[in-house]
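Asker: sequence plus the predicted model coming up.
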Amino acid sequence: MQQEIVISAHNLTKKFGDFVATNQITFEVYAGEIFGFLGANGAGKTTAMKMLCGLSTPSSGEATIAGFDVYKEPDKIKQNIGYMSQKFSLYEDLTVAENIQFFGGIYGLKSKELKAKTKELIETLGLTNEAHKLVGSLPIGWKQKLAFSVAIIHEPKIVFLDEPTGGVDPLTRRQFWDLIYAASDRGITIFVTTHYMDEAEYCDRISMMVDGYIKALDSPENLKKAHGASTMDEVFFNLARGAQRQGD
Amino acid sequence: MPAVVLNKISKRYEKGHLAVDEASFSVEEGELFGLIGPDGAGKTSIFRILTTLLLANSGHGSVMGFDLEKDFKKIRETVGYMPGKFSLYPDLSVEENLNFFATLFNTSISENYDLIKDIYIQIEPFKKRRAGKLSGGMKQKLALCCALIHRPTVLFLDEPTTGVDSVSRKEFWEMLKRLKNQGITILVSTPYMDEATLCERIALMQDGKILSIDEPKNIIAEYPDPLFAIKAVRMSDLLKDLRQQDAVKSCFSFGEYHHISFKNATQNQTQNLVDKLSVLGHAKLEIKIIEASIEDCFINLLSK
């Protein structure tokens, strides 16, 4: 089976002085896949993600994202990916419609396209009555759903989600995953980090980082089998318990 | 006498947002009590009201018998508070921070060292390091030491495990258990539903309201319907198909399985469902009856 590779990392490494934050990680992510990027606090996930998003130049190793080289074409990478985190998402002081137009504009959508897209998004999210309200006044669940939709407004090949569901209520968390599945069905590759181990189960494949290394990479089912575990929580515990590094 | 009493407390902020809506509960002395709910549920507002940093608009309450309004100075002397946001002095070292808080409360590190010893020895190798330069996990441990150094009677911990990985979360709850065993009353909040069962009693909160207060096992026992876990090869399609089934009342993804309940209990309901799903092309179907989790209960309360 020939699968299109959208992320490929080979011995990707980032050092800060003597400290090796990300240590020779090697992996591939396929088109349309939901890829869970897990690890303990301080394992090097954020550093790795920054390199993959073209925000941080690696110390050594290679990586291509959506076909673009992390050293030579970081700007191309930024144009072809979406990014959303729990912390940075939308401008609270802009309305729903203004946020969509702002980010759509940044991602280079033409005004006609943007108008149509804004209307479509507001309708599918059921925000017609809220379109001209400030985003700051919306419940967090709606904010997160809107933020995700905005992150993929330019139909990127890959979207990076950094703990998108932290602090969100359990009902909204599940509605959020419905959006993730829908995007994945449309062929958008999902690269996601989470602290919720039930969400790890929703991923096609998972990598587990410990102390800068990728310690395991497989489907949730195979990981559980390999560790004789009945839940992903146990697998995580098995792998991360020996971690030397603490928090970050 | 309960250690903490909250009686119909409401808080409306200037912009009009009703953060806490007639919340009432009490925490017994020596109890480990959890406020469970997502962001925006009102957990932090309740902590700020109980630590006398914020005045409620209506209702009243007390901590160790002291009134929240009249006796606020007494309350401040007796409680320990670890806010959700890191609030120590980043420019002071680990040791200096701890010394500072001990001095504020007219005590010394050595006087209460036994209480923090288990936690402090984990950060002691870094005692000369500035607090701002610590890792997340170590900041959290230092903040807990500073909240404990005057031997509080009641400890308020606002989301101490948010954003913390599951291994460190387990360690943190072990620490709480040991503090509880020393007789300290603990009120702790968390957005992680799986931590609810580690508390003796919990209040489930959403949008400023308390949905339910009880021991976790009683909340679970009150789940209204028999609950089933179901899985098949294509889980995302299974979810969509289950939602189309007339017999299915509720259906939510829960990790490896989806959890479902039926509208009316009938004898062959599970077999009938499996048959229908097989016709729709689902393979390796597996269905079993399960006990509800706190998260199932929370979703059920939200869906009402």
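Answerer: Perfect, I can see it now. Numbering: from 1, shown residues only, chains lettered A, B, ... in the order given.

Asker: what parts of the stretch 51-200 of chain B come near chain A?
Answerer: For the stretch 51-200 of chain B, the residues found near chain A under the criterion C-beta under 8 Å from any C-beta of the partner chain are B:135-140, B:162-168, B:170, B:191-193. The C-beta positions use only the backbone N, C-alpha and C, and glycine is treated the same way.

Asker: list the buried residues for the lengthiest helix in chain A?
Answerer: Secondary structure of chain A per DSSP state H: the longest helix is helix A:170-185. Of the residues in helix A:170-185, A:170-174, A:176-177, A:179-181, A:183-184 count as buried by neighbour count, 16 or more other C-beta atoms under 10 Å in any protein chain shown.

Asker: can you list these in CSV and add distance to A:S60 and pLDDT?
Answerer: Formatted as CSV, the buried residues of helix A:170-185 follow (distance: C-beta to C-beta, whole Å; pLDDT from 0 to 100):
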residue, distance to A:S60, pLDDT
A:P170, 42, 91
A:L171, 45, 89
A:T172, 41, 88
A:R173, 38, 90
A:R174, 41, 92
A:F176, 36, 91
A:W177, 36, 91
A:L179, 37, 91
A:I180, 33, 93
A:Y181, 36, 90
A:A183, 33, 93
A:S184, 32, 91
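
Asker: near chain B, from those residues?
Answerer: A:170-172, A:174, A:177, A:181.

Asker: tell me the one of those nearest B:H258?
Answerer: Proximity of these to B:H258 (C-beta to C-beta) peaks at A:R174, which lies at 10.1 Å.

Asker: what ranges does chain A have for its helices?
Answerer: Along chain A, counting by DSSP H, helices occupy A:45-52, A:74-80, A:96-106, A:111-124, A:140-151, A:170-185, A:197-200, A:220-226, A:232-240.

Asker: which secondary structure elements does the longest one contact?
Answerer: What that stands for is helix A:170-185. strand A:34-39, helix A:140-151, strand A:189-193, strand B:248-254, helix B:294-303 (3 or more C-beta pairs under 8 Å, 6 or more residues apart in numbering or on different chains; DSSP states H and E).

Asker: could you give me the buried positions within the longest helix along chain B?
Answerer: For chain B, the helix with the greatest residue count under DSSP H is helix B:166-181. For helix B:166-181, burial by neighbour count (16+ other C-beta under 10 Å) applies to B:166-170, B:172-173, B:175-176, B:179-180.

Asker: what's the spacing between the residue in the stretch 151-300 of chain B that chain A sits nearest to and A:V29?
Answerer: Using C-beta to the nearest C-beta, the closest approach of the stretch 151-300 of chain B to chain A is made by B:G255 at 3.5 Å. Counting by C-beta to C-beta, to the nearest Å, the gap from B:G255 to A:V29 is 22 Å.

Asker: if we can go back for a sec, let me have the helices and strands packed on helix A:170-185 in TSV, adding distance to B:I121, mean pLDDT and mean neighbour count as columns.
Answerer: Formatted as TSV, those follow (distance: least, C-beta to C-beta, whole Å; pLDDT from 0 to 100; neighbours: other C-beta atoms under 10 Å in any protein chain shown):
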stretch	distance to B:I121	mean pLDDT	mean neighbour count
strand A:34-39	26	95	24
helix A:140-151	38	89	21
strand A:189-193	31	96	24
strand B:248-254	39	94	19
helix B:294-303	33	93	20
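
Asker: to A:S207, which of the ones you listed lies closest?
Answerer: Per C-beta to C-beta, nearest to A:S207 of these: strand A:34-39, 5.8 Å.

Asker: what angle separates that closest one from helix A:45-52?
Answerer: Taking axes from the mean of the first three to the mean of the last three C-alpha atoms, to 10 degrees, one finds that strand A:34-39 is oriented at 130 degrees with respect to helix A:45-52.

Asker: other SSEs contacting strand A:34-39?
Answerer: Here strand A:34-39 touches helix A:45-52, helix A:170-185, strand A:189-193, helix A:197-200, strand A:205-210, going by 3+ C-beta pairs under 8 Å, 6+ apart.

Asker: in TSV, list the ones you listed along with distance to B:L301.
Answerer: Below are those laid out as TSV (distance: least, C-beta to C-beta, whole Å):
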stretch	distance to B:L301
helix A:45-52	33
helix A:170-185	10
strand A:189-193	27
helix A:197-200	19
strand A:205-210	31
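
Asker: related to what we said a few turns ago, return the list of strands paired to the next helix or strand after the longest helix of chain B, each annotated with direction.
Answerer: Remark: after helix B:166-181, the chain's next helix or strand is strand B:185-190, criterion DSSP states H and E. For strand B:185-190, the pairing partners within the sheet under DSSP bridges are strand B:32-36 (parallel), strand B:154-157 (parallel).

Asker: Serialize these to CSV and add fields for mean pLDDT, distance to B:V248 and mean neighbour count.
Answerer: Shown next, in CSV, are those (pLDDT from 0 to 100; distance: least, C-beta to C-beta, whole Å; neighbours: other C-beta atoms under 10 Å in any protein chain shown):
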stretch, mean pLDDT, distance to B:V248, mean neighbour count
strand B:32-36, 97, 27, 25
strand B:154-157, 97, 39, 23
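
Asker: quick one, which of B:G255 and A:V29 is more surrounded?
Answerer: Taking other C-beta atoms under 10 Å in any protein chain shown, B:G255 and A:V29 do not tie; A:V29 has more neighbours (24 against 20).

Asker: verify the contact between that one and A:V6 for me.
Answerer: Yes. Contact criterion C-beta atoms under 8 Å: A:V29 and A:V6 qualify, at 5.8 Å.

Asker: so what sits against both of those two?
Answerer: A:158, A:189 (C-beta atoms under 8 Å, 6 or more residues apart in numbering or on different chains).

Asker: tell me how many other residues crowd A:K112.
Answerer: Neighbour count for A:K112, taken as other C-beta under 10 Å: 8.
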